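*Asks:* next input, structure requested:
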Amino acid sequence: MTPELATKRLVLRPLELADAPQIQWLFPKWEIVKYLNVSVPWPYPEDGALTYCRDVALPEVERGESWYWTLRLKNAPRNSSDSLA
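*Replies:* Next comes the predicted model:
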């Protein structure tokens, strides 16, 4: 199980499938993607975050191979519109 972590300003919550829409909204920006591995497709597909969370990240977590967190402001940890994803 991935633990929830916190800093003075942030809450690091384990990734959930429900986080995919916020990731999809924030992630597909060339300014971000251009620094990543060539395995990240560009242009980023409309279902890229959902597919990655569902088919890659969360299965890795279930197998104990990886850990993923979302970053959220401590004063709004449940509000996805205020998250930093």
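*Asks:* burial of Q22, as a residue count?
*Replies:* Neighbour count of Q22, defined by other C-beta atoms under 10 Å: 18. For glycine as for every other residue, the C-beta is placed from the backbone atoms N, C-alpha and C.
*Asks:* that one and L15, how far apart?
*Replies:* 11 Å (C-beta to C-beta, to the nearest Å).
*Asks:* ok, now E46?
*Replies:* E46 is 20 Å from L15, where distance means C-beta to C-beta.
*Asks:* and what of Y52?
*Replies:* Distance of Y52 to L15, computed by C-beta to C-beta: 10 Å.
*Asks:* state the pLDDT value of K34.
*Replies:* Here, the pLDDT recorded for K34 equals 88.
*Asks:* for Q24, same thing?
*Replies:* The per-residue pLDDT reported for Q24 equals 96.
*Asks:* M1 too?
*Replies:* Listed pLDDT for M1 reads 79.
*Asks:* could you pull out the helices for this structure?
*Replies:* Assigned helices in the chain, in chain order: 20-26, 30-33, 48-52, 58-62 (criterion: DSSP state H).
*Asks:* give me the buried positions along the shortest one.
*Replies:* If I follow you right, that is helix 30-33. In terms of neighbour count (16 or more other C-beta atoms under 10 Å), helix 30-33 has its buried residues at V33.
*Asks:* show residues contacting it.
*Replies:* By C-beta atoms under 8 Å, 6 or more residues apart in numbering, the surrounding residues in contact with helix 30-33 are 27, 40, 42, 44.
*Asks:* more neighbours: E46 and L15, which one.
*Replies:* Using other C-beta under 10 Å as the criterion, E46 and L15 rank with L15 on top: 21 against 10.
*Asks:* and the gap between the more buried one and I23?
*Replies:* L15 is 9 Å from I23, where distance means C-beta to C-beta.
*Asks:* need the overlap of contacts for these two.
*Replies:* Contact with both L15 and I23 is made by residues 53, 70, according to C-beta under 8 Å, 6+ apart.
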